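Asks: sharing a model prediction with you, sequence too.
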Amino acid sequence: PTESSSTTMKLSVIGCGYLGAVHAAAMASIGHDVVGIDVDARKIESLAQGHAPFFEPGLQEILTAGIQSGRLRFTTDMAAAQGAAVHFVGVGTPQQKDGYAADLTYVNAAIDGLLPYLSPGDVVAGKSTVPVGTSAELAPRVEATGATLVWNPEFLREGWAVQDTIDPDRLVVGVTPGADGDRAADVLRAVYHPAVAKDTPFIVTDRPTAELVKVAANAFLATKISFINAMAEIAEVTGADVTQLADAIGHDARIGRRFLGAGIGFGGGCLPKDIRAFSARAEELGRGESVGFLREVDAINLRRRERAVQLVVESLDGAVYGKKVTVLGAAFKPHSDDIRDSPALDVAVRLHGLGASVTVTDPAAIENASRAHPQLTYVEDRDEALAGADAVIVVTEWDEYRKDLDPVQAASLTEGRIVIDGRNCLDAAAWRAAGWTYYGMGRP
Ligand code: NAD
């Protein structure tokens, strides 16, 4: 047998969204035999035919290769999980409709659906981001089958998901202390053998710590972004420049420059709902005050969207009604087509609500955006979107806008020369030199 066949394991991945589809394809790419399972028949059909159902750099390639190798398949039939040594659960944990807490309906349904197909010795590895205490709730049902439940939170970044899955910064596995937990941790070491061979930190801990590591990481990242955005608010009333401030404090290794980009704030399917779910869970535990600052982090973040809208209004002398505003970006961040809680689209929708004639363009997210907000006008081609604009606002820092958009050429397309840099990603001096009135976030 070849080296790869000696390390091949049978895996199932329940939930094939941004996390699960990438996980399934990535696990096949490192030699495992993988079945991906989802209740969404359209998504499964697309995946089974080798078409990535969303945009994620590198996914299409490993999906095609996996299917051609015969080691990767997709189905809606939970029975296909039977016989797998490890079952990864990566279904959604969205914010509840009527509150801040996480909706665990999908996790419960996935676990219950899986139970009949578990065998003694199987490992069920939760990957979804869940409130601390969730695995303790789920464990009795799973462990009644003779399987072992571990929590193995996922830290991938959309836009870098393939790389982050195959070669993560660290792996965290929460197990119940004891022989069974030790064995389960060894099973996961075998699954992630290429990363383990590279000495990637592999942290074995208890289940509540593993659950908490994930929400703590996201709470920290959200706080870092809102911290610099709070500084931007102060800069705005003092004439200071938050980007220079970020550079200066970022030289301190204890602070670091990354994630200190002031702008319209964070969004997406993770950070906003994860900090809210953390607040809700802390309150349930009688420790609401311990993470009370997360409410402030959320509030600062949402204020920045309003500030961007205000800048557009100010730049057009208070009269946006009927003005053509071109919105560059729709995805919540570059290299993704994900528009869940996208600050970019939120700004576009608010401007539309004020009566502006809003045209949105994005290299990847137009299809998703137009489904969610059909009232806006969408144009695929960036330059066509810019034509005749009274004002331009950059809300997603795609290279197409940040690097490739020449302010001189842009000026030849638009009606007005007003640019609002919602991500502080443009070269302000170059835009000003080309005749534009430039507005940044927290910059003079
Ligand atoms: P998603 O909405 O893209 O995917 C969730 C998938 O689960 C959907 O395809 C849905 O149809 C499927 N599903 C729901 N119920 C099911 C069931 N009973 N059986 C099988 N499939 C079912 O969400 P996502 O972004 O992939 O996130 C999934 C989880 O991973 C969440 O807990 C999220 O917080 C966490 N997470 C996401 C990321 C990310 O960047 N997207 C990163 C780390 C962690």
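Replies: Alright, I've got the coordinates. All figures in this text were calculated on a predicted structure; none of them were measured in a lab.
Asks: all contacts plus neighbour counts: C-alpha atoms, from now on.
Replies: Fine.
Asks: quick one: the strands in the stretch 151-300 of the chain, in order.
Replies: Ranges of strands in the stretch 151-300 of the chain, per DSSP state E, counting those that start in this stretch, are 171-174, 202-205.
Asks: tell me which residues are up against the helix or strand containing residue 24.
Replies: Assessed by DSSP states H and E, residue 24 sits inside helix 18-29. By Cα atoms under 8 Å, 6 or more residues apart in numbering, the residues outside helix 18-29 that reach it are 12-16, 33-36, 54, 59, 62-63, 65-66, 71-72, 89-91, 154, 156, 158, 161-162, 165-166, 191.
Asks: out of the residues you listed, list just those in strands.
Replies: 12-14, 33-36, 72, 89 (DSSP state E).
Asks: export the strands of the stretch 151-300 of the chain to TSV and tack on distance to the ligand, mean pLDDT and mean neighbour count?
Replies: Output for the strands of the stretch 151-300 of the chain, formatted as TSV (distance: least, Cα to the nearest ligand atom, whole Å; pLDDT from 0 to 100; neighbours: other Cα atoms under 10 Å):
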stretch	distance to the ligand	mean pLDDT	mean neighbour count
strand 171-174	13	98	24
strand 202-205	17	98	17
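Asks: possible to save those strands as CSV with distance to residue 108?
Replies: Putting the strands of the stretch 151-300 of the chain into CSV (distance: least, Cα to Cα, whole Å) gives the following:
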stretch, distance to residue 108
strand 171-174, 19
strand 202-205, 23
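Asks: out of these, nearest to residue 366?
Replies: Judged by Cα to Cα, the one of the strands of the stretch 151-300 of the chain that comes nearest to residue 366 is strand 171-174, at 34.1 Å.
Asks: quick one: contacts for residue 224?
Replies: Residue 224 neighbours (Cα under 8 Å, 6+ apart): 259-260.
Asks: is residue 74 in a helix, a strand, or coil?
Replies: Three-state call for residue 74 (DSSP: H, G, I helix; E, B strand; the rest coil): strand.
Asks: report pLDDT for it.
Replies: The score at residue 74 is 98. That number is its pLDDT.
Asks: hmm, residue 47 and it touching each other?
Replies: Yes: using Cα atoms under 8 Å, residue 74 is in contact with residue 47, at 6.6 Å.
Asks: hmm, the biggest helix by length in the chain in reach of the ligand?
Replies: Criterion DSSP state H: the longest helix present in the chain is helix 207-236. No: Helix 207-236 is not in contact with the ligand by Cα under 6 Å from any ligand atom; minimum separation 8.2 Å.
Asks: give the buried residues for that helix.
Replies: For helix 207-236, burial by neighbour count (16 or more other Cα atoms under 10 Å) applies to 207-216, 218-219, 221-233, 235-236.
Asks: quick one: it to chain centroid distance?
Replies: Centroid separation between helix 207-236 and its chain, computed with Cα atoms, centre = their mean, to the nearest Å, is 14 Å.
Asks: for residue 375, grab the count of nearby residues.
Replies: Residue 375 has 12 neighbours, counted by other Cα atoms under 10 Å.
Asks: burial measure for the residue nearest to residue 351 when sequence neighbours are not counted, as a count.
Replies: Leaving out its chain neighbours, the residue that sits closest to residue 351 by Cα to Cα, 6 or more residues apart in numbering is residue 309, at 6.5 Å. Using other Cα under 10 Å, the number of residues around residue 309 comes to 22.
Asks: contacts only, for residue 309.
Replies: 347, 350-351.
Asks: now do residue 261
Replies: Going by Cα under 8 Å, 6+ apart, residue 261 touches 225, 228, 243, 246, 423-424.
Asks: ok, it to the ligand distance?
Replies: 19 Å (Cα to the nearest ligand atom, to the nearest Å).
Asks: secondary structure element for residue 83?
Replies: Going by DSSP H and E, residue 83 is not in any helix or strand.
Asks: give the contact list for it.
Replies: Going by Cα under 8 Å, 6+ apart, residue 83 touches 10, 117-119.
Asks: and what of residue 141?
Replies: residue 115.
Asks: and if you look at residue 66?
Replies: Residues in contact with residue 66 (Cα under 8 Å, 6+ apart) are 25, 28-29, 72.
Asks: okay, now the residue nearest to residue 362 when sequence neighbours are not counted: neighbour count?
Replies: Distances taken as Cα to Cα, 6+ apart place residue 329 nearest to residue 362, at 4.6 Å, with adjacent residues excluded. Using other Cα under 10 Å, residue 329 has 29 other residues around it.
Asks: would you agree residue 329 is in contact with residue 364?
Replies: No: Residue 329 is not in contact with residue 364 according to Cα under 8 Å; the separation is 9.0 Å.
Asks: and residue 151, how many neighbours?
Replies: When counting by other Cα under 10 Å, one arrives at 28 neighbours for residue 151.
Asks: try residue 119
Replies: Using other Cα under 10 Å, residue 119 has 17 neighbouring residues.
Asks: separation between it and the ligand?
Replies: Separation of residue 119 from the ligand (Cα to the nearest ligand atom) stands at 18 Å.
Asks: tell me who's in contact with that residue.
Replies: Residue 119 touches 82-83, 145-147, counting by Cα under 8 Å, 6+ apart.
Asks: at 10 Å instead, please
Replies: By Cα atoms under 10 Å, 6 or more residues apart in numbering, the residues touching residue 119 are 82-85, 143, 145-148.
Asks: same question for residue 13.
Replies: 19-25, 27, 34-38, 74, 81, 84, 86-91, 124-127.
Asks: and which of the contacts of residue 83 is nearest residue 278?
Replies: Nearest to residue 278 among these is residue 118, at 30.6 Å by Cα to Cα.
Asks: the closest one against residue 147, yeah?
Replies: Yes: counting by Cα atoms under 10 Å, residue 147 is a contact partner of residue 118 at 6.6 Å.
Asks: neighbour-wise, which of these two wins?
Replies: More neighbours surround residue 118 than the other of residue 118 and residue 147, with 25 against 22 (other Cα under 10 Å).
Asks: per-residue pLDDT, that one?
Replies: The model's pLDDT for residue 118 equals 98.
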